[in-house]
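J.: Coordinates only, no sequence provided:
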């Protein structure tokens, strides 16, 4: 088992990564020290893993609540439903909310724990690769509003994250690939050596080799944690984590958030951002090819849907990263090094959009 | 105008106290620096004061939302309603929520601002004496759940508090007296000199003398701020602020939260707590008489409803301050000095309850 300490002063917490952790009673009892535990999961993950977690936690009072599966259920109504369960069972300030599932469950359960009695403890058991490498670090919790994603939320750090790599065996392959897009992102933006490692170990990751998975998750979380530590409330550096997201956002929005998984759109978005970086002379052209190769080996799409450059531009303009009307982009200065900038020639963006979306 | 700095490191903020501040355009524009402002008020306060605030803020985009008046409307549905207004008007992270009203408006608007986009700026314009001396310091925001008061909330500090003492001229006298109970509480718990001052200036306060009001509000906030600074997230000292609240809670709960105002119940609760302090030899009996005199001069009730000692005991047991089944109490060691303790003879509590509720 790997153990990464996320260093946030008095809000520091460990991320534990390894095989079959969810069945490890002594591990769970050590790290989830609370008399009363609310286990929040969904109707897909619950039947697969809730029993073993509740078995491992016997001795504690564990109540479980299963939400319907899917992003469309990440809303205030379901927060209210989870709050009702906490109140009905008279959970006190010293109780614990555990999120067992992917990002939707983690975001919703985390936000609920942030609000209940002005904040109670919260632990994550992420069961998708994306949530293991993304939402397990950063303290962002929240739900969607009909007017926009994640508009309602709080910063609330977990007390522990337990990433059981064996849960990835029940994850659909398409979701594994989408999670790999985020892993690869950390390498492109921060760490050329991790990129080398990924190129050597991609087949092992796709084959769900436990040691390879554990290292990829560990290093991804470590890189993200370093950024978050410097910028806990997202005022600066943290923007680099959005590499590929602005172009990817256009793909997701234009396809109604239903056809492309977030990680898939980010994968294609990273290729487009790399291409634009080369167009303005920041990145050598052969590095763009290296980006493309790795994404394709991971089974990710590199061709955006051709709904037109103008439409892509419109969708990018309503992204949160727009400031004073100008689209700011994360671009690569080299493999393993990125910058967040509004300083680029407009015609380079136009040419990029025409090439990929036109 | 008095100006108190609440010192909370990077979350520090000023409390401005004086006459007619809500009409002072240059003051408001200086302290409420945001392009987009949501003014949250209610149907009682809005017609009295919203116009002058919006007048003073012309030049900014100000949207106002008026909630129904009353504690029963402090719920998640109205949070959702305010969030809808923020989203519908495309308010960004740099926008500001202003609460114009009493504690209900402040708690609800504050919680909404804590959740919107994971936290936007928040300013308070408290228009009741209670909210000017209580919720303006401490950062507690939140709403009620059918299962309990303030069960849903967040710690979220305001960026500024503007306490306009002239708004107290439209406050019902009964609410002014209830607010005075909290002012008097700070003196009993923390500051004998402030108690002397209150005894000398009580008539001026009841006559709404601006200078007396400003001093009472300033000193109350200063005393509360010192406790909050030492204990921002309520783990220790802050419990002393609950003097009178545990006995008062029994009165409020037994009467269905409808007949007694919170401050009225706290007033009577303080007298009971002082009496109990004398029964166990902590406080001289003549000091209990001094407590009673001041409360009565403020127009507060000192006799609890006689619904029986057993019922009072039951209601006290479900209060949040209970730990390991034992009721913890804030008792007076002297006028101006209190302790939070579970160390008292059970029969002293029984005798106290029999005397006041039996």
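T.: That came in fine, so what should we check first? No experiment lies behind these values; they were computed from the predicted model shown.

J.: Over to the nearest residue to residue A:345 once chain neighbours are set aside: give its phi and psi.
T.: The shortest distance from residue A:345 to any residue other than its chain neighbours is 6.5 Å, reached at residue A:280 (C-beta to C-beta, 6 or more residues apart in numbering or on different chains). Any C-beta I mention is one placed from the backbone N, CA and C, and that applies to glycine too. Reported as degrees, to the nearest 10, the phi and psi values for residue A:280 are phi -100, psi 10.

J.: how close does the closest residue in space to residue A:176 that isn't next to it in sequence sit to residue A:170?
T.: Excluding the flanking residues, the one nearest residue A:176 by C-beta to C-beta, 6+ apart is residue A:129, at 5.6 Å. The gap separating residue A:129 from residue A:170 is 12 Å, by C-beta to C-beta, to the nearest Å.

J.: how about the spatially most central residue of chain A, phi and psi?
T.: Per C-alpha atoms, centre = their mean, the C-alpha nearest to the average position across chain A is that of residue A:134, at 2.9 Å. Backbone torsions of residue A:134, given as degrees, to the nearest 10, read phi -120, psi -70.

J.: So which bits of stretch A:258-277 are buried?
T.: Taking 16 or more other C-beta atoms under 10 Å in any protein chain shown as the basis for neighbour counts, the residues of stretch A:258-277 that come out buried are A:260-277.

J.: related to what we said a few turns ago, shouldn't the residue nearest to the centre of chain A be in contact with residue A:224?
T.: Yes - in terms of C-beta atoms under 8 Å, residue A:134 counts as a neighbour of residue A:224; the distance is 7.4 Å.

J.: Would you check that residue A:252 makes contact with residue A:260?
T.: Yes - here residue A:252 reaches residue A:260: they are 5.7 Å apart, a contact under C-beta under 8 Å.

J.: Give the residues shared as contacts by those two.
T.: Contact criterion C-beta atoms under 8 Å, 6 or more residues apart in numbering or on different chains; no residue bridges residue A:252 and residue A:260 by contacting each.

J.: Kindly report the residues of the stretch 101-250 of chain A close to chain B.
T.: Contacts of the stretch 101-250 of chain A with chain B, taken as C-beta under 8 Å from any C-beta of the partner chain, map to A:114-119, A:140, A:142, A:145-148, A:150-155, A:233.

J.: What about contact with chain B: does stretch A:8-26 have any residue there?
T.: No - among the residues of stretch A:8-26, none lie within reach of chain B under C-beta under 8 Å from any C-beta; the closest is 10.2 Å away.

J.: Run the chain-centre distance for that stretch.
T.: 17 Å (C-alpha atoms, centre = their mean, to the nearest Å).

J.: Sticking with residue A:80, tell me its helix or strand.
T.: When elements are assigned from DSSP states H and E, residue A:80 belongs to helix A:76-88.

J.: That helix versus helix B:76-88: what angle between them?
T.: Computed by axes from the mean of the first three to the mean of the last three C-alpha atoms, to 10 degrees, the angle separating helix A:76-88 from helix B:76-88 equals 150 degrees.

J.: got the contact list for helix A:76-88?
T.: Applying C-beta under 8 Å, 6+ apart, the external contacts of helix A:76-88 come out as A:38, A:40, A:63, A:65, A:67, A:95, A:97, A:108-109, A:111-112, A:115-116, A:143, A:145, A:152, B:76, B:80, B:83, B:145-148, B:151-152.

J.: Write the PyMOL selection for whichever of the residues of the stretch 101-250 of chain A next to chain B are buried.
T.: Paste this into PyMOL to select the buried members of these, with burial taken from 16+ other C-beta under 10 Å:
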select buried, chain A and resi 114+115+116+117+118+119+140+142+145+150+151+152+153+154+155
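
J.: In chain A, where is pLDDT below threshold?
T.: A:234-235, A:319-324 (pLDDT under 70).

J.: mind giving me the domain ranges of it?
T.: A:2-170, A:173-357 (automatic domain parsing).

J.: Output these as CSV; include the columns distance to residue B:165.
T.: Below are these laid out as CSV (distance: least, C-beta to C-beta, whole Å):
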stretch, distance to residue B:165
domain A:2-170, 30
domain A:173-357, 35
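
J.: To residue B:343, which of those lies closest?
T.: domain A:2-170 (21.6 Å; C-beta to C-beta).

J.: could you pull out the helices for the stretch 151-300 of chain A?
T.: A:173-190, A:192-206, A:210-230, A:245-254, A:262-279, A:285-297 (DSSP state H, counting those that start in this stretch).

J.: Now do the same contact list for whichever residue of the stretch 151-300 of chain A sits closest to chain B.
T.: The minimum distance from the stretch 151-300 of chain A to chain B, using C-beta to the nearest C-beta, falls at residue A:153 (4.5 Å). In this structure, residue A:153 makes contact with A:107, A:111, A:140, A:141, A:142, A:143, B:115, B:117, B:118, judged by C-beta under 8 Å, 6+ apart.
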